[in-house]
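Engineer: dropping a prediction and its sequence here:
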Amino acid sequence: MARGVATRLSRVEPVAVRAVGALALASLAATVVLGLWFTPEDQVMGNLVRLLYVHPPVAWVAYLAFGVTAACSIAYLWPRTRSPFWDRLGAASAEIGVVFCALTLATGSIWGRPTWGVWWTWDARLTTTALLLALFAGYLAIRRVTVDPAARAKRSAVVALVAFADVPIVHMSVLWWRTLHQPPTVFRPGFGDPTLATPMAWTLLLAFCAFTLAYVWLLAHRYRVAVLEARMEGEGLELALAERRAEAGYGEGPGGIEGGAGSGGDGPGQAPVPVGAR
Amino acid sequence: MWHDAALVAGKDLRIELRSRVGAQQVAPFALVVLVLFAFAFDADHALLLKAAPGLFWVAVLFAAVLSIQRSFAVESADGGRDRLRLSGMDPAGIFLGKAGAVAVQLLVLQLVLAAGVAILYSSRLGDAAVLVATCLVATVGLAAAGTIYGVVATAVGASETLLPLLLMPVVAPVLLCATKAWQAALGTGATGDALGWLRFLGVFAVVYVAAGVLAFGPLVEEG
């Protein structure tokens, strides 16, 4: 099934990905214009409210990306759907998720400083997001140090699921930690506020769509790069060996390549011999 | 499964008893951490007393990383890992055995550390039942999560740096909940809510024991 999805993806990919990219760019541009010029200032926060069109959508993309990674990890670990497709897609999504998670924390800090007076506060949502970033940074780290593709896929899928299972526990415990002793002093003005002005609500909706489209676009490209990387891992060694042999003079004459391929396995120590022999 | 678990745990604990790495390196290290905390807090008695539960659990976490690394370093030497796979034992049993051995070591270590906290920080160990219950439940969670990540990290040969990065964020809730439960028991925090924190620790332990039992098969399947 996954292979079917992969081939179908590769067939529609160029057109569809370009369309999604164009849509993402257009909607992001529209969000910038609407967010900066056409929406009103907030009565309390003034111009700061314009971060509303960046921060929540970025956070949404981070959570979405980690959710996709977890789903892909389950699909990979499930024997009947196991395919490199899920591994690559999950990894691609996790990379985007880590970037957007870091952006969430950065934009949140920028928003928090003028509104709350601090760059950081030990609010449940903030703490959970920070730990989420650390958890998936670990996921990327384990992908980086594991060489064998099958082992990497399996281990990183388990790490992703273990990390994902931790999120509700972290969130509940931190929530209880911060609300047990002090009343919630932190809330987001404008959020869940039924009197959110209509242009603001529409711009926010547009921003969510725009960032989601950008995520899909990045994901498609990151997946494509992952496929190319895998191909390079497979073919790159062959190519490098062939080039090295050609350099050493194996490539010349009939049967030269076969001879090179036969002795190539003996290691690099073989290479200078024909040069000296000639 | 349980028989295999007992075999693996017995083997690991025997290795620890004979090599004495836990007693001669990990436990002294944890005590040194306690002393370092006193330096960091300028030996301010009131402050140390207040922070004692958190410091205790941070020291336990550091020591846990060492114990887990040790538990898998034992396997990676002389191809022990492959022998374990060849033994035909149930992977879930191997997981439970390794986690059980780590848990026993950590519990012994916690006894030493608790004595250290009582002596060095003059902390009065109050509600013993809550303290012991917290240690038991938290240790099960720590050992289970640590064993999952231990096998993942040691297999790639970068465990010294990778294991703490992977493990610390995952066990952050254990640190938090165990600290709160201890605060309640020692009377340095809000009292009476230790049971709630114990429940969190219990959920964590159940989730990670279940995850380990399920995930260990695929993880040890290949070197």
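Structural biologist: Sure thing, it's come through.

Engineer: when you work out contacts or count neighbours from here on, use the C-alpha atoms and nothing else.
Structural biologist: OK.

Engineer: chain neighbours aside, what residue packs nearest to B:Leu136?
Structural biologist: Residue nearest to B:Leu136 in three dimensions, not counting chain neighbours: B:Leu107, with 7.4 Å by CA to CA, 6 or more residues apart in numbering or on different chains.

Engineer: so that neighbour sits against B:Cys135, correct?
Structural biologist: Yes. Assessed by CA atoms under 8 Å, B:Leu107 is found in contact with B:Cys135 at 7.2 Å.

Engineer: more neighbours, those two?
Structural biologist: Counted by other CA atoms under 10 Å in any protein chain shown, B:Leu107 and B:Cys135 do not tie: B:Cys135 has more neighbours, with 22 against 19.

Engineer: list the helices and strands the helix or strand hosting the more buried one packs on?
Structural biologist: Here B:Cys135 sits within helix B:128-155, counting by DSSP states H and E. Judged by 3 or more CA pairs under 8 Å, 6 or more residues apart in numbering or on different chains; DSSP states H and E, the packing partners of helix B:128-155 are helix B:45-76, helix B:91-120, helix B:159-170, helix B:172-186, helix B:194-221.

Engineer: deepest of those, which one?
Structural biologist: helix B:172-186 (a mean of 25; mean count of other CA atoms under 10 Å in any protein chain shown).

Engineer: excluding covalently adjacent residues, which one is nearest to the one residue in the stretch 151-278 of chain A that gets nearest to chain B?
Structural biologist: Here the residue of the stretch 151-278 of chain A nearest chain B is A:Val170; by CA to the nearest CA that distance is 5.5 Å. In space, and not counting its chain neighbours, A:Val170 is closest to B:Pro173: 5.5 Å by CA to CA, 6+ apart.

Engineer: the one you found reaches A:Trp176, doesn't it?
Structural biologist: No. At 11.1 Å, B:Pro173 and A:Trp176 do not qualify as touching, with contact defined as CA under 8 Å.

Engineer: ok so, going back, just the pLDDT for the residue nearest to A:Val170.
Structural biologist: Here, the pLDDT recorded for B:Pro173 equals 88.

Engineer: for it, give me its contacts.
Structural biologist: Applying CA atoms under 8 Å, 6 or more residues apart in numbering or on different chains, we find B:Pro173 in contact with A:169-170, A:173-174, B:201.

Engineer: out of the residues you listed, which is nearest to A:Leu36?
Structural biologist: Distance to A:Leu36 across these (CA to CA) is lowest for A:Val174, with 34.9 Å.

Engineer: for the closest one, which non-adjacent residue is closest in space?
Structural biologist: Using CA to CA, 6+ apart, the closest residue to A:Val174 is A:Ala124 (5.2 Å).

Engineer: now do the contacts for the one you found.
Structural biologist: For A:Ala124, the contacting residues are A:171, A:174-175, A:178, by CA under 8 Å, 6+ apart.

Engineer: so how far is A:Leu175 from it?
Structural biologist: Separation of A:Ala124 from A:Leu175 (CA to CA, to the nearest Å) stands at 5 Å.

Engineer: same question for B:Val207.
Structural biologist: Computed as CA to CA, the B:Val207 to A:Leu175 distance reads 19 Å.

Engineer: contact residues of the stretch 101-250 of chain A facing chain B?
Structural biologist: Counting by CA under 8 Å from any CA of the partner chain, the residues of the stretch 101-250 of chain A close to chain B are A:131, A:134-135, A:138-139, A:141-142, A:145-146, A:151, A:154-155, A:158-159, A:162-163, A:165-166, A:169-170, A:173-174, A:177, A:181.

Engineer: mind giving me the ChimeraX command for buried ones among these?
Structural biologist: To isolate the buried ones among those in ChimeraX, judged by 16 or more other CA atoms under 10 Å in any protein chain shown, type:
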select /A:131,134,135,138,139,142,146,151,154,155,158,159,162,163,165,166,169,170,173,174,177
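
Engineer: sort out for me which of the residues of the stretch 101-250 of chain A next to chain B are in helices.
Structural biologist: Residues of these located in helices (DSSP state H): A:131, A:134-135, A:138-139, A:141-142, A:145, A:151, A:154-155, A:158-159, A:162-163, A:165-166, A:169-170, A:173-174, A:177.

Engineer: re the thing from before, need the contacts of A:Ala124 in CSV with distance to A:Arg113, can you?
Structural biologist: Compiled in CSV, the contacts of A:Ala124 are given as follows (distance: CA to CA, whole Å):
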residue, distance to A:Arg113
A:His171, 23
A:Val174, 22
A:Leu175, 22
A:Arg178, 20
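
Engineer: separate out the buried members of the residues you listed.
Structural biologist: The neighbour count (16+ other CA under 10 Å) marks A:171, A:174-175 as buried among the contacts of A:Ala124.

Engineer: tabulate those residues (TSV), appending pLDDT and distance to A:Gly108.
Structural biologist: TSV is the format used below for the buried ones among the contacts of A:Ala124 (pLDDT from 0 to 100; distance: CA to CA, whole Å):
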residue	pLDDT	distance to A:Gly108
A:His171	80	18
A:Val174	79	18
A:Leu175	79	18
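
Engineer: what residues of the helix holding B:Cys135 count as buried?
Structural biologist: Across helix B:128-155, burial judged by 16+ other CA under 10 Å covers B:130-131, B:134-155.

Engineer: repeat for stretch A:113-123
Structural biologist: A:115, A:123.

Engineer: near chain A, which residues of chain B?
Structural biologist: Neighbours of chain A within chain B, by CA under 8 Å from any CA: B:149, B:152-153, B:156, B:158, B:162, B:165-166, B:169-170, B:172-173, B:176-177, B:190, B:200, B:204, B:207-208, B:211, B:215, B:218-219, B:222-223.

Engineer: how about 7 Å then?
Structural biologist: Within chain B, the positions near chain A by CA under 7 Å from any CA of the partner chain are B:152, B:156, B:165-166, B:169-170, B:173, B:215, B:219, B:222.

Engineer: show me what the helix or strand where A:Arg222 lies is packed up against.
Structural biologist: Taking DSSP H and E as the definition, A:Arg222 sits inside helix A:198-248. Identification of packing neighbours for helix A:198-248 by 3 or more CA pairs under 7 Å, 6 or more residues apart in numbering or on different chains; DSSP states H and E yields helix A:2-33, helix A:55-77, helix A:84-116, helix A:272-277.

Engineer: tell me the contacts of residue 97?
Structural biologist: Using chain A here. In this structure, A:Gly97 makes contact with A:61-62, A:65-66, judged by CA atoms under 7 Å, 6 or more residues apart in numbering or on different chains.

Engineer: try again with chain B
Structural biologist: By CA under 7 Å, 6+ apart, B:Gly97 lies in contact with B:5-6, B:8-9.

Engineer: one more: B:Met1?
Structural biologist: Counting by CA under 7 Å, 6+ apart, B:Met1 makes contact with B:90, B:92-93.

Engineer: ok, the residues you listed vs chain A, which is closest?
Structural biologist: Closest approach between the contacts of B:Met1 and chain A, by CA to the nearest CA: B:Ala92, at 14.9 Å.
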